[in-house]
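>>> here is my input; please provide its structure:
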Amino acid sequence: MTTFGVRLREAMRAHGPLCVGIDPHPPLLRAWGLSEDVTGLKAFTDACVEAFAGRVALVKPQVAFFEAYGSGGIMVLEEAIGELREAGTLVLADAKRGDIGSTMDAYAHAWLGDGPLGSDAVTVSPYLGFGSLAPALELARANDRGVFVLAATSNPEAAELQRITGPDGRSIAQRMVDDAAAHNAGAEFGSVGVVVGATLTEAPDLSTLNGPILMPGVGAQGGGADSIRKLVRDSDLGAVVPNVSREVLKAGPSVGALQVRVHRLTDEFEFLRD
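Modelled structure (predicted):
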């Protein structure tokens with residue numbers, strides 16, 4: 001199997017750069033006319049899988065919305081991951097895991113192993129120290145999977161931590177990007193990506209990353225083509241993966257309407273296609 005980074009780049013070339021979220025939060029379930037239980041969750045998720053499989057580069061289920069329903073919700077998530085991957089669509093589990101030692105190793109095996117939740121990539125938090133991510137990074141490399149490291153997130157609370165500058169003049173967010181870049185050195189296109197909010201007013205230097213840049217906040221949260229162009233150098237735009245969720249999901253519950261919205265947004269971000 002080729003590395004996750006190479007598979008993602010191929011998928012972006014084939015389908016466009018979009019990462020589409022599956023975020024079954026209660027207001028959306030209600031808007032779709034679905035019940036706020038496992039039955040409604042499954043109907044929502046099944047429609048998303050049908051709409052997105054084979055049509056986008058990356059699908060990102062938000063794990064928390066499935067965990068909220070307990071074992072039944074996890075079963076729905078397992079089925080969705082399996083169906084998407086069987087269709088050849090890359091899956092990024094948005095689990096934002098971050099811990100140390102054997103616990104991080106267990107998280108890594110859950111999301112990057114061969115079990116029922118095994119995905120093509122997972123989001124991780126490095127704020128117990130980048131070194132704490134070693135079990136996930138090592139397993140991802142061994143299994144040709146990917147890891148997306150939270151670097152510069154767009155939530156207002158993040159700035160007070162992520163923009164702290166160290167003795168070398170680099171912000172914490174920049175150090176996260178630089179540490180990710182070190183893992184991608186020498187690769188055709190690295191499998192260690194970073195998460196950088198599309199609604200930020202400034203971003204870390206991404207020029208040496210050599211890996212994917214996941215940019216959430218596109219659409220309903222105010223980010224778009226113009227904000228991405230302001231944050232990312234022209235030479236790095238081919239690595240950007242815009243993450244859209246509500247902007248697509250509000251078109252449901254019609255599978256056809258979801259697909260039309262994906263097609264429109266794919267055209268909008270055509271300038272990112274490498």
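>>> mind listing the helices for the stretch 101-250 of the chain?
Along the stretch 101-250 of the chain, the stretches classed as helices by DSSP state H, counting those that start in this stretch are 101-112, 134-143, 159-162, 172-184, 225-231, 246-249.
>>> so of the ones you listed, which one's packed in deepest?
Each of these was assessed for mean neighbour count using mean count of other C-beta atoms under 10 Å. The highest is helix 246-249, with a mean of 23. C-beta coordinates here come from the backbone N, C-alpha and C atoms, glycine included.
>>> what is the helix or strand following that one packed up against?
Sequence-wise, the next helix or strand downstream of helix 246-249 (DSSP states H and E) is helix 255-268. The contact analysis (3 or more C-beta pairs under 8 Å, 6 or more residues apart in numbering; DSSP states H and E) places helix 255-268 against helix 38-52, helix 246-249.
>>> show me how far the shortest one is from its chain's centre.
Think helix 246-249. For helix 246-249, the separation from the chain centroid amounts to 15 Å (computed by C-alpha atoms, centre = their mean, to the nearest Å).
>>> quick one: low-confidence parts of the protein?
Under the criterion of pLDDT under 70, the regions of the chain flagged as low confidence span 220.
>>> and E78, which of the three is it?
When states are read from DSSP: H, G, I helix; E, B strand; the rest coil, the local structure at E78 comes out as helix.
>>> ditto for the one 4 residues further on
In the three-state summary, G82 is assigned as helix, counting by three-state DSSP.
>>> I'd say it and P116 touch.
Yes: at 7.3 Å, G82 and P116 qualify as touching, with contact defined as C-beta atoms under 8 Å.
>>> excluding chain neighbours, what is closest to L34?
Residue nearest to L34 in three dimensions, not counting chain neighbours: G40, with 3.5 Å by C-beta to C-beta, 6 or more residues apart in numbering.
>>> give me whichever of the helices and strands packed on helix 255-268 is most buried.
Among the helices and strands packed on helix 255-268, helix 246-249 has the highest mean neighbour count (mean count of other C-beta under 10 Å), at a mean of 23.
>>> what helices and strands are in contact with that helix?
The criterion is 3+ C-beta pairs under 8 Å, 6+ apart, and the helices and strands that helix 246-249 contacts are strand 19-22, helix 255-268.
>>> nearest to G169, of those?
Nearest to G169 among the helices and strands packed on helix 246-249 is strand 19-22; the distance by C-beta to C-beta comes to 31.8 Å.
>>> next SSE downstream of the closest one?
helix 26-31.
>>> buried residues, that following helix. List them.
Neighbour-count burial for helix 26-31 flags 28-29 (criterion: 16 or more other C-beta atoms under 10 Å).
>>> gap between E79 and L117?
With distances defined as C-beta to C-beta, to the nearest Å, the gap from E79 to L117 amounts to 11 Å.
>>> which one's more surrounded, those two?
Neighbour tally, E79 and L117, criterion other C-beta atoms under 10 Å: the higher count belongs to L117, 20 against 15.
>>> which residue packs closest to the more buried one, ignoring adjacent ones?
The spatially closest residue to L117, leaving aside those adjacent along the chain, is A110, at 5.3 Å (C-beta to C-beta, 6+ apart).
>>> before we move on, back to that, I'd say the residue nearest to L34 and L28 touch.
No: using C-beta under 8 Å as the test, G40 is too far from L28 to be in contact (9.9 Å).
>>> check the gap between the residue nearest to L231 when sequence neighbours are not counted and L29 for me.
Once flanking residues are discounted, L231 sits nearest to A203: 4.1 Å by C-beta to C-beta, 6+ apart. Separation of A203 from L29 (C-beta to C-beta) stands at 33 Å.
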